[in-house]
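Chemist: My questions are about this predicted structure, shown below with the sequence.
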Amino acid sequence: MAPQEEQKILESFRQGKVPPAVKRAASRGTMPVAADELLEILVLLTRDPDPTCSEVAQRTLASWPAEKCAQLLAQPQVSAETLEYFACQAQLPEALVAIIIAHPQASDAALTILTPRLTPAQLQPLVADAARLSQLPEFLAAVLQRADLPAEARSRLEALRSEQQKEEEEVAQAFVAAVVEDETEAEKQIPPQERLTMTQKLAKMSAGERVQVALKGSKEERLVLVRDPAKVVYRAVLESPKLTDSEVESFASMKNVAEDVLRIIAGTRKFMKSYIVARNLINNPRTPIDVSLPLLTRLTSQDLKYLTMNRNVPETLRGAAIKLHKQRSTVRAG
């Protein structure tokens with residue numbers, strides 16, 4: 001199979017556009033794609049809500065020889081999510097640990113998980129890279145918990161961590177200010193002090209902690225976190241098993257979320273079964289034109305007529321709506 005076709009298959013899995021039967025086959029490792037693509041697909045399936053896929057995918061990966069995994073994890077194109085999945089494995093061979101910590105794609109979460117088991121020799125090149133450490137706050141905090149850290153290194157890392165904490169506080173304050181200034185209608189139903197306290201609490205959390213809240217927290221917390229500047233956080237909101245249809249409908253109409261949030265919604269089959277979600281995306285000025293335009297034909301005649309008068313959407317979209325409305329009117333008249 002051509003590399004471009006394999007990439008399209010992988011993207012289909014990421015967007016949830018694959019039939020259950022295909023997912024179950026892939027979870028057994030029988031997908032006819034290259035090994036590196038299959039690895040990414042299997043890791044994606046370990047998080048699938050269907051246990052017949054997720055549990056089988058985990059067993060399939062566990063059955064792969066360490067040598068095969070090492071060769072694939074060493075590839076430059078391997079994703080941060082895949083490296084993180086292996087970092088979380090309790091019985092991870094030492095050879096895979098060495099590959100993950102040396103990989104430029106290794107995330108803060110992956111390195112933090114592995115920190116307690118690293119030798120001083122393995123740790124040394126990581127803590128010597130100040131530029132990279134500045135992007136790894138959780139890892140840095142975990143390193144500072146080690147009792148075997150040399151005094152000189154500890155002093156230098158504590159100064160760097162202090163700078164990080166100052167920047168995090170500034171980001172947190174800006175996050176609170178932005179959320180309070182740009183409230184949604186749903187948030188206005190929450191008492192102001194309760195809303196402010198919740199937002200401040202979330203802003204003080206690490207990205208990893210906010211991910212956990214996004215997955216397991218309340219509807220009100222997801223409403224705030226879907227606007228989080230961190231991609232990993234708002235993706236977790238959209239992957240939360242507690243997420244309701246009405247929340248997705250609300251998110252689709254929000255003008256203060258990242259464009260990627262709207263793209264993810266539009267690319268997720270279970271969300272797009274809802275007519276309201278499609279309609280809200282189309283009428284949202286924030287939605288990218290390449291997302292909203294293909295959805296136009298789903299509108300009812302009444303909603304299409306409304307869109308022709310909506311001057312908040314891109315002119316290209318409104319023009320296409322006017323043209324489609326005229327076509328439908330001609331057909332009805334004929």
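Modeler: Received, thanks. The model shown is predicted, which means the values in this text are computed figures rather than measured ones.
Chemist: For stretch 324-331, the averaged confidence score.
Modeler: In this model, stretch 324-331 has an average pLDDT of 85.
Chemist: Now do the buried residues in that stretch.
Modeler: 324-325 (16 or more other C-beta atoms under 10 Å). C-beta here means a position set from N, CA and C on the backbone, and glycine is covered the same way.
Chemist: any idea how far that stretch is from the chain center?
Modeler: Centroid separation for stretch 324-331 versus its chain: 40 Å, with C-alpha atoms, centre = their mean, to the nearest Å.
Chemist: Looking at the residue nearest to residue 264 when sequence neighbours are not counted now. What's its pLDDT?
Modeler: Leaving aside its sequence neighbours, residue 264 sits nearest to residue 238 (C-beta to C-beta, 6 or more residues apart in numbering; 5.5 Å). Model confidence at residue 238, given as pLDDT, is 93.
Chemist: How many neighbouring residues does residue 238 have?
Modeler: 19 (other C-beta atoms under 10 Å).
Chemist: For it, list the residues it contacts.
Modeler: Contacts of residue 238 were listed using C-beta atoms under 8 Å, 6 or more residues apart in numbering, and they are 226, 248, 251, 261, 264-265, 268.
Chemist: Looking at those residues, which are in helices?
Modeler: Among the contacts of residue 238, DSSP state H puts 248, 251, 261, 264-265 in helices.
Chemist: picking that back up, dihedrals phi and psi, the residue nearest to residue 264?
Modeler: phi -70, psi -10 (degrees, to the nearest 10).
Chemist: And the one 4 residues further on, by the same measure?
Modeler: For residue 242, the backbone dihedrals (degrees, to the nearest 10) come out as phi -90, psi 0.
Chemist: Go ahead and confirm it touches residue 216.
Modeler: Yes: using C-beta atoms under 8 Å, residue 242 is in contact with residue 216, at 7.1 Å.
Chemist: Buried by neighbour count, from the ones in helices among the contacts of residue 238: which ones?
Modeler: In the ones in helices among the contacts of residue 238, the ones that pass as buried (16+ other C-beta under 10 Å) are 248, 251, 261, 264-265.
Chemist: Format the residues you listed as CSV; extra columns: distance to residue 220 and pLDDT.
Modeler: Shown next, in CSV, are these (distance: C-beta to C-beta, whole Å; pLDDT from 0 to 100):
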residue, distance to residue 220, pLDDT
248, 16, 95
251, 14, 94
261, 17, 93
264, 21, 92
265, 19, 93
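Chemist: now, among these, which is nearest to residue 110?
Modeler: Nearest to residue 110 out of these is residue 264 (C-beta to C-beta; 22.4 Å).
Chemist: Only the buried residues of stretch 125-144, if you could.
Modeler: For stretch 125-144, by 16+ other C-beta under 10 Å, it's 126-127, 133, 136-144.
Chemist: Figure out the length between the terminal residues of it.
Modeler: 15 Å (C-alpha to C-alpha, to the nearest Å).
Chemist: In contact with residue 272, which residues?
Modeler: With C-beta under 8 Å, 6+ apart, residue 272 has these contacts: 265-266, 278.
Chemist: how about the helices in the stretch 51-200 of the chain?
Modeler: For the stretch 51-200 of the chain, the helices defined by DSSP state H, counting those that start in this stretch occupy 51-63, 66-73, 80-87, 94-102, 108-114, 120-128, 130-133, 137-143, 151-181, 192-203.
Chemist: Spit out the contact partners of residue 77.
Modeler: Contact analysis of residue 77 by C-beta under 8 Å, 6+ apart lists residue 36.
Chemist: what sits up against stretch 89-96?
Modeler: Counting by C-beta under 8 Å, 6+ apart, 66, 69-70, 73, 86 sit against stretch 89-96.
Chemist: hmm, which of these are the buried ones?
Modeler: Using 16+ other C-beta under 10 Å, the buried ones in these are 69-70, 73, 86.
Chemist: got JSON lines for those, with pLDDT too?
Modeler: Listed next are the buried ones among the contacts of stretch 89-96 as JSON lines, based on pLDDT from 0 to 100:
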{"residue": "69", "pLDDT": "95"}
{"residue": "70", "pLDDT": "95"}
{"residue": "73", "pLDDT": "96"}
{"residue": "86", "pLDDT": "94"}
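Chemist: All good on my end, thank you.
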